[in-house]
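Asks: Here is a sequence with its predicted model. Questions after.
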Amino acid sequence: MEQHNFVYVTFILSTPEKVWNAITDPEITSKYWSDPLSKNPAHTNVSEWKLGSEWKHVKMDESKTVDIVGKVLEIDPPNKLVISWSRPKDKDDESKHSRVTFEISNYANGLVRLTVTHLDLDPQMFNGISSGWPSVLSNLKTYLETGKHLAGHIA
């Protein structure tokens, strides 16, 4: 099966520490990790955020459905986080896991450069994240810069 890769770079008026917290704090992720164009519930990312610990991408509704699971593969706060990423049914089959790297660095004049690299995606997952990551990361940027999220602002 052909594998795909995805890279997204954004610049956020913030600090590396605030960007890091926005990626790892479940209370903050639930504020921006949603698709502003859909009526789907927001998600949150839950983990101990330690090397080798599991993480879960959980719907913030009564179902608490876990959509994505993985493990923390590398962690260097507030600079770099690497996680595995898979569907729950593929949790035990590492050949079906993809890999997400968040790289956070100071850029210039109070800007932080956030690079998200998602490697080894199957075609179905690539299609989903190709619109998902830009939406989520735009929402993250807006939330950190304004305290508001994009839901309800896009017609």
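Replies: Looks like it came in fine.

Asks: quick one: contacts of stretch 9-25?
Replies: Residues outside stretch 9-25 that contact it (CB atoms under 8 Å, 6 or more residues apart in numbering): 28-29, 32, 45, 47, 49, 77-79, 81, 102, 104-107, 110-116, 137-138, 140-141, 143-145. Where C-beta positions appear, they are placed from N, C-alpha and C, glycine not excepted.

Asks: Give the PyMOL command for selecting the buried subset of those.
Replies: Buried residues among the contacts of stretch 9-25 (16 or more other CB atoms under 10 Å), as a PyMOL selection:
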select buried, resi 28+29+32+45+47+49+78+81+102+104+112+113+114+116+137+138+140+141+143+144
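
Asks: Contact partners for Ser53?
Replies: By CB under 8 Å, 6+ apart, Ser53 lies in contact with Ser47, Lys71, Val72.

Asks: Phi and psi next, for the first one.
Replies: If I follow you right, that is Ser47. Phi and psi for Ser47, reported as degrees, to the nearest 10, are phi -170, psi 170.

Asks: and it, what does it touch?
Replies: Taking CB under 8 Å, 6+ apart, we find Ser47 in contact with Thr24, Ser53, Glu54, Trp55, Lys56, Val72.
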